[in-house]
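Q: Have a look at this fold, sequence not included:
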Ligand SMILES: O=c1[nH]cnc2c1ncn2[C@@H]1O[C@H](CO)[C@@H](O)[C@H]1O
């Protein structure tokens, strides 16, 4: 029998990132072998600080944190930071003390390449932010796409509106050029877009249950969740929050909870639809060569067993 799946979480914590990291740390099916950091919900420096902090909260400072890129793959420095979703500190404006730990010397891309080389075919990368680090790993080592077991991407809006604007989902919008490199790289990819994660909602009632639980993850999350809930009330008029990152994480742990389709995905890199993810469903055999022709297929999630995902998230956050 194979042991637990080795997992690297590329993350921009982020309130739903914190939930996903805690779920992973409480999932016996996986061993988290490292966190790599990226901008998105916060700038990369703060993402690193938050990643170290969350591991300290969990009592898992043994897990290495490798800092990722501070700029996009095209050296862009005008980043879109979603602090209005997560608070200016990324973790619900709680002013937590700085972590004691430090990131390792390797960059995120170097760490990803090293671990994929060390355990060929065994490492699952769960990418919860813009895809810059993953694209850098692909550029750093031409064998990375073969060595990495799978890349589960939280990102894209497949046949639905985005959440940055009608075209684009936040993680893909964060670095569309990197996303296009990753989607066309030939790696074993599963994309979990907001067409799926918007079906997975933690309700106000679930949050009340979490508040009554005594586990350390539940206790911590109840301190930081309010900012995320109030953003959803205002932006979406929902009585609850979307479980984006935990859903992608659990897609790596229990793939049978989702269904998916396969085909090439390209990302629009400029214009008003910058960040748009476009999937070729192969229902038409095009007479001409297109920008999708000959590109490797990826898996794109289509349906999700939302009640089971919510239950797993709740169980793993309440009993810790
Ligand atoms: O409305 C939004 N704008 C920007 N980012 C968002 C929004 N809602 C959630 N996220 C963040 O982006 C990823 C999903 O697209 C999630 O990681 C979530 O934390």
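A: Great, that's in hand. Because the structure is a prediction, the values reported are computed rather than measured.

Q: and the particular helix or strand that has residue 211 in it, what does it pack onto?
A: Using DSSP states H and E, residue 211 falls within helix 204-212. Using 3 or more CB pairs under 8 Å, 6 or more residues apart in numbering; DSSP states H and E, the elements in contact with helix 204-212 are helix 216-236, strand 240-242, helix 306-318. Just so you know, the C-beta spots here come from the backbone N, C-alpha and C atoms, and that holds for glycine as well.

Q: Apply 10 Å and report the result again.
A: strand 201-203, helix 216-236, strand 240-242, helix 306-318 (3 or more CB pairs under 10 Å, 6 or more residues apart in numbering; DSSP states H and E).

Q: Highest mean neighbour count out of those?
A: With neighbours defined as mean count of other CB atoms under 10 Å, the helices and strands packed on helix 204-212 peak in mean count at strand 240-242, which reaches a mean of 21.

Q: Contacts for that one next, please.
A: Strand 240-242 has contacts (CB atoms under 10 Å, 6 or more residues apart in numbering) with 15-16, 19, 85, 163, 194, 197-207, 225, 228-233, 236, 310.

Q: to the chain's geometric centre, what's the distance from that strand?
A: 16 Å (CA atoms, centre = their mean, to the nearest Å).

Q: doesn't residue 103 make contact with residue 61?
A: No: with contact defined as CB atoms under 10 Å, residue 61 does not reach residue 103; the gap is 11.8 Å.

Q: more neighbours, those two?
A: Set residue 61 next to residue 103 and count neighbours by other CB atoms under 10 Å: residue 103 wins out with 22 against 14.

Q: sorry, back to before: output the helices and strands packed on helix 204-212 as JSON lines; include the columns mean pLDDT and distance to the ligand.
A: Compiled in JSON lines, the helices and strands packed on helix 204-212 are given as follows (pLDDT from 0 to 100; distance: least, CB to the nearest ligand atom, whole Å):
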{"stretch": "strand 201-203", "mean pLDDT": "97", "distance to the ligand": "13"}
{"stretch": "helix 216-236", "mean pLDDT": "95", "distance to the ligand": "6"}
{"stretch": "strand 240-242", "mean pLDDT": "97", "distance to the ligand": "7"}
{"stretch": "helix 306-318", "mean pLDDT": "97", "distance to the ligand": "14"}
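
Q: ok so, going back, now the common contact residues for residue 61 and residue 103.
A: residue 52.

Q: and residue 116, helix, strand or coil?
A: Using DSSP: H, G, I helix; E, B strand; the rest coil, the secondary structure recorded for residue 116 is helix.

Q: where does the stretch 151-300 of the chain come near the ligand, residue by residue?
A: 163-164, 169-171, 194, 235, 244-245 (CB under 6 Å from any ligand atom).

Q: What segments of the protein are helices?
A: Assigned by DSSP state H, the helices in the chain fall at 15-25, 44-57, 83-86, 108-118, 132-140, 144-147, 170-174, 176-183, 194-197, 204-212, 216-236, 244-253, 306-318.

Q: In JSON lines: the ones you listed, plus distance to residue 124.
A: Output for those, formatted as JSON lines (distance: least, CB to CB, whole Å):
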{"stretch": "helix 15-25", "distance to residue 124": "10"}
{"stretch": "helix 44-57", "distance to residue 124": "18"}
{"stretch": "helix 83-86", "distance to residue 124": "25"}
{"stretch": "helix 108-118", "distance to residue 124": "10"}
{"stretch": "helix 132-140", "distance to residue 124": "12"}
{"stretch": "helix 144-147", "distance to residue 124": "12"}
{"stretch": "helix 170-174", "distance to residue 124": "17"}
{"stretch": "helix 176-183", "distance to residue 124": "15"}
{"stretch": "helix 194-197", "distance to residue 124": "18"}
{"stretch": "helix 204-212", "distance to residue 124": "26"}
{"stretch": "helix 216-236", "distance to residue 124": "21"}
{"stretch": "helix 244-253", "distance to residue 124": "5"}
{"stretch": "helix 306-318", "distance to residue 124": "17"}
